[in-house]
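A.B. asks: What would the 3D arrangement of this be:
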Amino acid sequence: MSDKRLKTNFCELTGVKYPIVQTGMGWVAGPSLVIATCQAGALGILAAATLTFDEMVKAIEEIKKNTDNPFGVNLRTDALDIESRVEHLIESQVPVASFAQAPTQRIVERLKEAEVIVIPTVGAARHAEKVAELGVDAVIAQGSEGGGHTGVIPTSLLIPQVIDSVKVPVIAAGGFTDGRGLAAALAWGASGIAMGTRFLLTSESDIPDNVKNVYLSTSSTQTVVTKAIDGAPQRVISNKMVERLEKARLLAFPIALINALRFRRLSGTTFKSLITEGLRMKKTQKLSWSQVALAANAPMLTKATMVDGHLEVGILPTGQGVGSINELPTSEELVRRIVEEATNSLDRFMES
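C.D. replies: The predicted structure is shown next:
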């Protein structure tokens, strides 16, 4: 029987057994990882932002076929087919929709009308307040220790600020890897934790073994936050690709084009795919062509590593907690361990 102290309002909201979320990491959080996470009693989130519409439909079908537990789907609010994706989530009775960007009022209202739980990710208290006004059901607050696109406020400062600013459940993210982190988040007043890198480094994660080995050998001091990839701050493992981009900021546009071409040759990605991504970003985000080249190139640089295993032309998004990870458990083993550690930590706290 699970510890009642771990039965938070987030568990009641979503129907999950434990207040643990596996984030929707692009190119990483596919059906196998989501299914394993859900079966372990946590909330798995499918990374649909990097899938075509048809691929998303197929992935949702696979998840529903292999687990009856609640799961989520992460969407990009700026996707050209966002309305179709939202409608498919509703038709498929997906329990949770998550967003890395703030969803629009229209999207929130449509999802809530269909009783889909809406959970965006925020990086500041003011962002949490804005999405709370839209009527979202909960927020994931990611501190600067988090991987990929991240904010500048440390997790230990951000979480209390967000909790104080909104009345919806707050899930803490940014640097969490174990049950002690869950206990700490609960002590701050959070309703659970969300983890990306820790779930990336499980046996059900589909990323290539050579890439996993790089993560396992990386210390917490070997990550950097850079704007050189797409103009927005991203935490990644420091490698030669990032160093080249950092040193060539004034040549960002040609560097991005060269990287895209190198990636295309190695992975077989078509010019059409690169151009389509660029045009979509220019239309939805009103970027300059220089910004488009960088922004369109960014997901390709991630795909180069996470899907194709080409470390020489890719980037490695990571949370700073990577330095605390040295093995690849199953998702079930990971969740069970986190629950046990959190329970033991709470016991010690009560005894002191």
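
A.B. asks: Can you name the residues that contact the spatially closest residue to residue 104 that is not a sequence neighbour?
C.D. replies: Excluding its sequence neighbours, the residue lying closest to residue 104 (CB to CB, 6 or more residues apart in numbering) is residue 77, at 6.4 Å. C-beta here means a position set from N, CA and C on the backbone, and glycine is covered the same way. Listed by CB atoms under 8 Å, 6 or more residues apart in numbering, the contact partners of residue 77 are 99, 101, 102, 103, 104, 107.

A.B. asks: Domain parsing of this protein, as residue ranges.
C.D. replies: Domains of the chain are assigned by automatic domain parsing as 4-205+328-351, 209-313.

A.B. asks: Looking at those domains, which is nearest to residue 320?
C.D. replies: With CB to CB, the closest approach to residue 320 among these belongs to domain 4-205+328-351: 4.2 Å.

A.B. asks: Could you give the separation between the terminal residues of the closest one?
C.D. replies: Using CA to CA, to the nearest Å, one end of domain 4-205+328-351 lies 17 Å from the other.

A.B. asks: From the chain's centroid, how far away is it?
C.D. replies: Put simply, domain 4-205+328-351 sits 8 Å off its chain's centre (CA atoms, centre = their mean, to the nearest Å).

A.B. asks: rewinding a little: same list (the domains of the chain) but as JSON lines, adding mean pLDDT and distance to residue 320.
C.D. replies: Shown next, in JSON lines, are those (pLDDT from 0 to 100; distance: least, CB to CB, whole Å):
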{"stretch": "domain 4-205+328-351", "mean pLDDT": "97", "distance to residue 320": "4"}
{"stretch": "domain 209-313", "mean pLDDT": "76", "distance to residue 320": "5"}
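
A.B. asks: Leaving out the residues flanking it, which one is nearest to residue 195?
C.D. replies: Using CB to CB, 6+ apart and skipping residues adjacent in sequence, the residue nearest residue 195 is residue 176, 5.1 Å away.

A.B. asks: Can I take it that the one you found is in a strand?
C.D. replies: No - assigned with DSSP: H, G, I helix; E, B strand; the rest coil, residue 176 falls outside any strand and is coil.

A.B. asks: didn't it look like it was pressed against residue 192?
C.D. replies: No - with contact defined as CB atoms under 8 Å, residue 176 does not reach residue 192; the gap is 9.8 Å.

A.B. asks: Show me what the strand or helix carrying residue 65 is packed against.
C.D. replies: Using DSSP states H and E, residue 65 maps to helix 53-66. Here helix 53-66 touches helix 31-39, strand 43-47, strand 71-75, helix 82-91, going by 3 or more CB pairs under 8 Å, 6 or more residues apart in numbering; DSSP states H and E.

A.B. asks: quick one, it and helix 31-39 angle?
C.D. replies: Helix 53-66 and helix 31-39 meet at an angle of 40 degrees, taking axes from the mean of the first three to the mean of the last three CA atoms, to 10 degrees as the criterion.

A.B. asks: Need the contact partners of stretch 181-193.
C.D. replies: With contact meaning CB under 8 Å, 6+ apart, stretch 181-193 is reached by 5-6, 8-11, 18-21, 138, 141, 156, 159-160, 163, 169-173, 175-176, 321, 338, 341-342, 345-346, 349.

A.B. asks: Now the buried members of these.
C.D. replies: Buried by 16 or more other CB atoms under 10 Å: 6, 8, 10-11, 18-21, 138, 141, 159-160, 163, 169-173, 175-176, 321, 338, 341-342, 345-346, out of the contacts of stretch 181-193.

A.B. asks: Looking at those, which are in strands?
C.D. replies: Within these, residues falling in strands by DSSP state E are 20, 21, 141, 170, 171, 172, 173.

A.B. asks: Most widely separated two among the residues you listed?
C.D. replies: Pairwise distances across these peak at 15.3 Å for 20 and 141 (criterion: CB to CB).

A.B. asks: Do a quick rundown of the strands in this protein.
C.D. replies: Taking DSSP E as the test, the strands found in the chain are 20-22, 43-47, 71-75, 96-99, 117-122, 139-142, 148-149, 170-173, 192-195, 223-226, 234-237.

A.B. asks: what about stretch 228-240, start to end distance?
C.D. replies: Using CA to CA, one end of stretch 228-240 lies 13 Å from the other.

A.B. asks: Measure how far that stretch is from the centre of its chain, please.
C.D. replies: The answer for stretch 228-240 is 16 Å, by CA atoms, centre = their mean.
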